[in-house]
Structure formats: C-alpha cells, structure tokens
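Asker: below are the sequence and a predicted model; questions follow.
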Amino acid sequence: MEKFVKFWKILNVKGLNADIRFRDPERALMSSDDDSRLNFLLDIAKMANSMMTEKQGKRQKQLTKDTARALSHTCKGLVDLTKRLLNTTHSFVMLGEFTTDPLEKMFGKLRQGSGGMFNRCSAGIRKKLKY
C-alpha cells in the first residue's frame, strides 16, 4: 500500500512548493532527469508487468493484462515525457498536469452549464425507451 501512496503523491504534484507546505519530498516538482522518483515510476511499471496474468478466475496479487499494460505504459510514458521536457525547454515538470483531472473539471462545468440534469435526463430517456 505504501508504494501506491508514494505513486499517488508523485503523480499528483500540481503546484509549486507542495513539498515544503506538506513537508513531504515526494511532492516536489521534477527538476532533474535523474530524479529517484522517475526510477520509482519505472519500478512500478516493472512490477505491473510482473503481476500480469493470462488466466481468468481468482486473481490474488495479480493484475489483468489490460490493467498491467495500461499502468506500465502510463509510467514509462510519464518518465519519457518528463525527461524530454527537462532536457529541452522546461526547468521543472508537474506530473499532476498530465492527469485527467482538468478534463473531468471541464466536463463538470459543461454539464452544470446545461442544467446539471444529466442523470435525470438519461433516466427520462430510459423510461421513454422502456429499458
């Protein structure tokens, strides 16, 4: 569990000085391409691949093939992106800016702007279509 808490902290850095404010070095900006947290992300990718299972049924300490691949690709992609940005034009990278949170926030605003009645509208449509 500790590994995934650390993973979450690394991926959710969205502001300056969060490491100072929370007294947690895991929440610091990525400012070096040889940061140990990047190696940690690569270790998570390796761990996901090693936990992949081909069989269906009871899975203890295993991931489905799709979940393992998605986690592995995400980690490797973030590491490559961070290194590329740091080696070209950026002095730091906030990995929290690459999550789906901004997209979800925009959809929330659009939904509220249209009356915020998504669930009620879909329920009404279902009644009319007799699902």
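Answerer: Here it is on my side, so go on.
Asker: when you work out contacts or count neighbours from here on, use the C-alpha atoms and nothing else.
Answerer: OK.
Asker: the protein: helices as residue ranges?
Answerer: Assigned by DSSP state H, the helices in the chain fall at 2-11, 18-21, 36-50, 65-87, 101-113, 118-129.
Asker: which residues of this structure score low on pLDDT?
Answerer: By pLDDT under 70, the low-scoring segments of the chain are 54-59, 116-131.
Asker: picking that back up, mean neighbour count added to the helices of the chain, as a markdown table?
Answerer: Formatted as a markdown table, these follow (neighbours: other Cα atoms under 10 Å):
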| stretch | mean neighbour count |
| --- | --- |
| helix 2-11 | 14 |
| helix 18-21 | 13 |
| helix 36-50 | 18 |
| helix 65-87 | 17 |
| helix 101-113 | 11 |
| helix 118-129 | 11 |
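Asker: Throw the ones you listed into CSV and include distance to residue 94, thanks.
Answerer: Shown next, in CSV, are the helices of the chain (distance: least, Cα to Cα, whole Å):
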stretch, distance to residue 94
helix 2-11, 8
helix 18-21, 11
helix 36-50, 12
helix 65-87, 9
helix 101-113, 13
helix 118-129, 33
